[in-house]
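S.K.: What would the 3D arrangement of this be:
(one chain, ligands or ions: 1)
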Amino acid sequence: MTERIAVYPGSFDPLTNGHLDILARARRLADRVIVAILEQDQKTPLFSVEDRSGMIRDIVAGDPSISVASFSGLLVDFVIRSGATIIVRGLRAVSDYEYELQMALMNRRLAPSVETVFLMAKEEYSYVSSRLVKELARLGGDLTGLVPNTVRQRLADRF
Ligand code: PNS
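M.R.: Predicted coordinates for the structure are as follows:
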């Protein structure tokens, strides 16, 4: 049987517990999941791509079915190059929907054989975003339960 491979793309600057929850759900849908970090994002990231992949690799180290990669250019090109057929995206609130729908439909137009699947994280993560996590870290807020310990440590080192 052919292996079902999913790509979970994003900035992951940094990875949150919401991302981890989506990753665990994606893992149930696919034999292998590739966490794909966008390089050359227009936003200025807090952590370099190398830092982000290093952190994620540490966190998922126990699961051989999850790998970490980075990509530039079109996501669908990376997906096809990787032999994947699924793009996984997390949906939190309705406010995510419009942008995600546009992206999914554009990706479908570019690569009709690739399916985007939206997954919902646990409700307790529905308001967690990398942006808010960084803000909280900068202002000295408590990050317990919002990000993995590795990320919490790295944020503490930064601020
Ligand atoms: O976590 P993010 O920052 O919302 O992730 C956005 C991401 C990386 C999925 C998106 O920006 C992306 O796929 N960029 C690659 C460029 C691309 O393929 N664009 C066309 C899709 S409309």
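
S.K.: What is the burial count for residue 1?
M.R.: Neighbourhood size, residue 1 [other CB atoms under 10 Å]: 4. Where you see a C-beta, it was placed from the backbone N, CA and C, and this is true even at glycine.

S.K.: what's the residue of the chain found nearest the ligand in contact with, if anything?
M.R.: Closest to the ligand within the chain is residue 10: 3.1 Å, counting by CB to the nearest ligand atom. Counting by CB atoms under 8 Å, 6 or more residues apart in numbering, residue 10 touches 19, 35, 36, 37, 38, 89.

S.K.: Helix, strand, or coil at the residue lying closest to residue 156 once chain neighbours are set aside?
M.R.: Leaving aside its sequence neighbours, residue 156 sits nearest to residue 137 (CB to CB, 6 or more residues apart in numbering; 7.3 Å). With DSSP: H, G, I helix; E, B strand; the rest coil as the basis, residue 137 sits in helix.

S.K.: can you pull the contacts of residue 137?
M.R.: 143, 155, 156, 158, 159.

S.K.: Quick check, pLDDT for it.
M.R.: In the predicted model, residue 137 carries a pLDDT score of 98.

S.K.: coming back round to it: now the residue of the chain closest to the ligand: phi and psi?
M.R.: Backbone torsions for residue 10, taken as degrees, to the nearest 10, come to phi 170, psi -180.

S.K.: quick one: is stretch 104-121 near the ligand?
M.R.: Yes. Under the criterion of CB under 6 Å from any ligand atom, stretch 104-121 makes contact with the ligand via 106, 107.

S.K.: could I have that stretch exported to CSV, CA atoms only?
M.R.: Taking C-alpha atoms only, stretch 104-121 is exported to CSV below (Å, rounded to 0.1, in the frame of the first residue of the first chain):
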residue,chain,number,x,y,z
ALA,A,104,-6.6,26.2,0.1
LEU,A,105,-8.5,27.1,-3.1
MET,A,106,-5.4,28.7,-4.6
ASN,A,107,-3.3,25.6,-3.7
ARG,A,108,-6.1,23.4,-5.2
ARG,A,109,-6.0,25.4,-8.4
LEU,A,110,-2.2,25.0,-8.6
ALA,A,111,-2.2,21.3,-7.6
PRO,A,112,-5.6,19.6,-8.0
SER,A,113,-4.2,16.3,-6.7
VAL,A,114,-3.3,17.8,-3.3
GLU,A,115,-6.0,18.0,-0.7
THR,A,116,-6.0,20.6,2.1
VAL,A,117,-7.4,19.2,5.4
PHE,A,118,-8.4,21.5,8.3
LEU,A,119,-8.1,20.3,11.8
MET,A,120,-9.3,21.9,15.0
ALA,A,121,-7.0,21.9,18.0
